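> Show me how the following folds:
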Amino acid sequence: MTEHERLRVAVIIGSTRNGRFGPTVAGWFTARARRRGDLEVDLVDLVEAGLPQTLTDEGEPLPGTVADLAVRLAAADAFVVVTPEYNRSFPAPLKTAIDWYYEEWQAKPVAFVAYGRESGGLHAIDQLRQIFTELHAVPLRDAVSLPRYWNLFAADGTWPKAAADCNTAATAVLDRLSWWARALRDARAARPYVP
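Next comes the predicted model:
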């Protein structure tokens, strides 16, 4: 598969909390995505992105960190949001990061990998689907949910266990994300999306 044919997927680590588990989850998911021949993965860590918490007003220049990330998001054919669930929702820095951008999300699929207590992040995913729909993105029905993610450590300390259900879920999500990303990329190339 040529570089042009490969799909560019931005995997976004949505947690910026000290001691966060997000990089572990994102590392696992990204490794699975990189094993596929049809995907090129860009790992976006919101800690490293350093986006300001305060949004600019219309017509004001964008801060450099916002402009830098805009280029990476615009180049993506699809997105995967890795998020914890805090208090039945997702972290505030993730919402701020989403709100900095508009056109970058449009007519592109978004998949979710969420972790948390008993709900496995499903409350966070439900809210994120609504937000991305408003931004004219295409949230996928399928997601990876990791309830009580701390129970998925293997005896040798690796995460997740080889037999964990999330491994099968990740494969299904990547298959669907790839299908939607290709379909929407072809559609955008044939006819620009106008919201």
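
> Now do the helices in this protein.
Counting by DSSP state H, the chain has helices at residues 22-34, 46-49, 64-75, 92-99, 122-134, 165-190.

> Tell me which of the ones you listed sits nearest to A107.
Ranking the helices of the chain by their distance to A107 (criterion: Cβ to Cβ) puts helix 165-190 first, at 5.4 Å. (Each C-beta comes from the backbone N, C-alpha and C, glycine too.)

> can you give me the angle the closest one makes with helix 22-34?
60 degrees (axes from the mean of the first three to the mean of the last three Cα atoms, to 10 degrees).

> Please point out which parts of helix 165-190 sit buried.
The neighbour-count check on helix 165-190 (16 or more other Cβ atoms under 10 Å) flags 166, 169-170, 173-174, 176-178, 180-182, 184-185 as buried.

> what do you get for stretch 132-142?
F132, L135, A137, V138, P139, L140.

> One more: stretch 106-121?
Buried-residue list, stretch 106-121, by 16+ other Cβ under 10 Å: 106-116, 119-121.

> Run through this structure and note the low-pLDDT ranges.
1-4 (pLDDT under 70).

> make it 90
Applying pLDDT under 90 to the chain picks out residues 1-5, 58, 195.

> Let's have the buried residues of stretch 106-121 in JSON lines, adding distance to L128.
What follows is the buried residues of stretch 106-121, written out as JSON lines (distance: Cβ to Cβ, whole Å):
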{"residue": "Q106", "distance to L128": "16"}
{"residue": "A107", "distance to L128": "17"}
{"residue": "K108", "distance to L128": "14"}
{"residue": "P109", "distance to L128": "13"}
{"residue": "V110", "distance to L128": "8"}
{"residue": "A111", "distance to L128": "10"}
{"residue": "F112", "distance to L128": "6"}
{"residue": "V113", "distance to L128": "11"}
{"residue": "A114", "distance to L128": "8"}
{"residue": "Y115", "distance to L128": "13"}
{"residue": "G116", "distance to L128": "13"}
{"residue": "S119", "distance to L128": "13"}
{"residue": "G120", "distance to L128": "14"}
{"residue": "G121", "distance to L128": "10"}
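
> now, which of the residues you listed sits nearest K161?
Y115 (14.5 Å).

> Can you list the neighbours in contact with stretch 31-40?
Contacting residues not belonging to stretch 31-40 are listed as 1, 3, 5-9, 11, 41, 80, 167, 170-171, 174, 178 [Cβ atoms under 8 Å, 6 or more residues apart in numbering].
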